[in-house]
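Colleague: Build me a model from this:
(one chain, ligands or ions: 1)
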Amino acid sequence: MLAYSGGLDTSVLIKDLQEKYDAQVITVTVDVGQGEDLIGAEEKAKKLGVLKHFSIDAKDEFAKDYIFPAIKANALYEGKYPISTSLSRPLIAKKMVEIGKQEGATGLAHGCTGRGNDQVRFDITLSSLSPEMKVLAPIRDWSMTREEEMDYAKANGIPISINATKYSIDASVWGRAIECGLLEDASVEPPADAYEWTVAPENAPDNPEYITITFEVGVPVAVNGKAMQPLELIEEVNKIAGRNGVGRIDHIEDRIIGLKSREVYECPAALVILEAHKDLEKMVMTRHENLFKQSIDDQWVFLAYAGLWVDPLKSDLDAFINQSQENVNGEVKLKLYKGSMQVVGRSSPNSLYDKNLANYNIKTGFDQSYAKGFIELWGMQTKMCNALKASKEPKTSKTTK
Ligand code: ARG
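Modeller: Model (predicted):
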């Protein structure tokens, strides 16, 4: 069974598995919102002589069971990347195993190279979920250059699309990753044609657009007051943010295997929803919860990025994170304007912010006289240490160090 995208690598892989391994190949294409031509992929697979092909629409499951947990975990790898590619890998692997078992497959193959993160995610998830099936990553063992691969494709009647050569694209409904070509020079601004989901900020409308997102128990349920299903909601926010030039990311990323890479993404909905979610958490959770959860979130996104989605630690953290979301209900309003995004208002029935308590002018239940004693105790050790240090310092200013 081969995870098939319809692209050059996995098409060549079908032939390779048929010839080198004498295998009957079953292909599966999992739709996580990559916006690619699934019917085309199926036709291509059949033309290449596969035994069977499966096209699986997993978009709803992806939104509900993969993206929503990431929202609750404020998942931004290295503070920047909403792990749009990373999240889809364990789901694709899960589908491969399900169908593989059903079809009696003996091996599970994927088209990852030996340089990226995806090989780590596929290998670990596939072999954890199905220890009895062999996991293969034949491209990792090839020494074919891109040109040689193209020649092989031509010789074997594998169709090649021309736009496959400019950038390497990987997309899911949570975002689009753009790699290779001109982008490999980290000092150069990405060319305009790298982007498809976002307009250039300078071409965005001259008036700001406001968007309000409603959360229930930590997940978004409505946009501008209109209730929506998870997938529909994410697609809608992608559109709204994208037309305002919001969602572009360009950063240097540490891959699992140690390489640094220059990564360019467009993740309009992800950036907006994550910003709103985090803001709401700060309003409804205690400072102790907020501070502690930060470290849990960091650990969660690291596991999800690093291919350890099925590690028990991830479910342990999920248990904590789910519990923490009980009060994360309310609305967050953001202002989108020419590539910028700012939270400009929020409200919640569980708000711990009380404008009367914080107010400087009004006599309220907050008794200021407690502050003096609190500060006395709060700073006690700090003052003691400084006093001790001063007492040990030489009396004269002339020292021979
Ligand atoms: N660096 C990102 C990640 O590891 C995006 C990788 C894009 N993948 C790809 N096969 N083009 O999640």
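Colleague: measure the closest residue to Lys166 other than its chain neighbours to Ser168 for me?
Modeller: Of all residues beyond its chain neighbours, the one nearest Lys166 is Gly181 (5.4 Å), with distances taken as C-beta to C-beta, 6 or more residues apart in numbering. (Each C-beta comes from the backbone N, C-alpha and C, glycine too.) If you measure Gly181 against Ser168 using C-beta to C-beta, to the nearest Å, the figure is 8 Å.
Colleague: State the number of residues packed around the nearest residue to Arg346 once chain neighbours are set aside.
Modeller: Nearest in space to Arg346, with sequence neighbours left out and distances taken as C-beta to C-beta, 6+ apart, is Val332 at 4.6 Å. Here the count is done by other C-beta atoms under 10 Å, and Val332 has 25 residues near it.
Colleague: hang on, Val332 is in a helix, isn't it?
Modeller: No: applying DSSP: H, G, I helix; E, B strand; the rest coil, one finds Val332 to be strand, outside a helix.
Colleague: I figured it was touching Glu281, is that so?
Modeller: No: with contact taken as C-beta atoms under 8 Å, Val332 and Glu281 are classed as non-touching, separated by 10.3 Å.
Colleague: Can you give me every residue that contacts the residue nearest to Arg346?
Modeller: Going by C-beta atoms under 8 Å, 6 or more residues apart in numbering, Val332 touches Thr212, Ile213, Phe215, Ala276, His277, Asp279, Leu280, Val343, Gly345, Arg346.
Colleague: Same list (the residues you listed) but as a markdown table, adding neighbour count and secondary structure.
Modeller: Rendered in a markdown table, the data for the contacts of Val332 read as follows (neighbours: other C-beta atoms under 10 Å; DSSP: H, G, I helix; E, B strand; the rest coil):
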| residue | neighbour count | secondary structure |
| --- | --- | --- |
| Thr212 | 17 | strand |
| Ile213 | 26 | strand |
| Phe215 | 25 | strand |
| Ala276 | 26 | helix |
| His277 | 23 | helix |
| Asp279 | 17 | helix |
| Leu280 | 26 | helix |
| Val343 | 17 | strand |
| Gly345 | 12 | strand |
| Arg346 | 21 | strand |
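Colleague: And those residues, which is closest to Tyr21?
Modeller: Of all the contacts of Val332, Tyr21 sits closest to His277, with 45.7 Å by C-beta to C-beta.
Colleague: what does the stretch 51-200 of the chain put close to the ligand?
Modeller: Proximity of the stretch 51-200 of the chain to the ligand, by C-beta under 6 Å from any ligand atom, involves residues Thr85, Ser86, Gly116, Asn117, Asp118, Ser168, Asp170, Ala177, Glu179.
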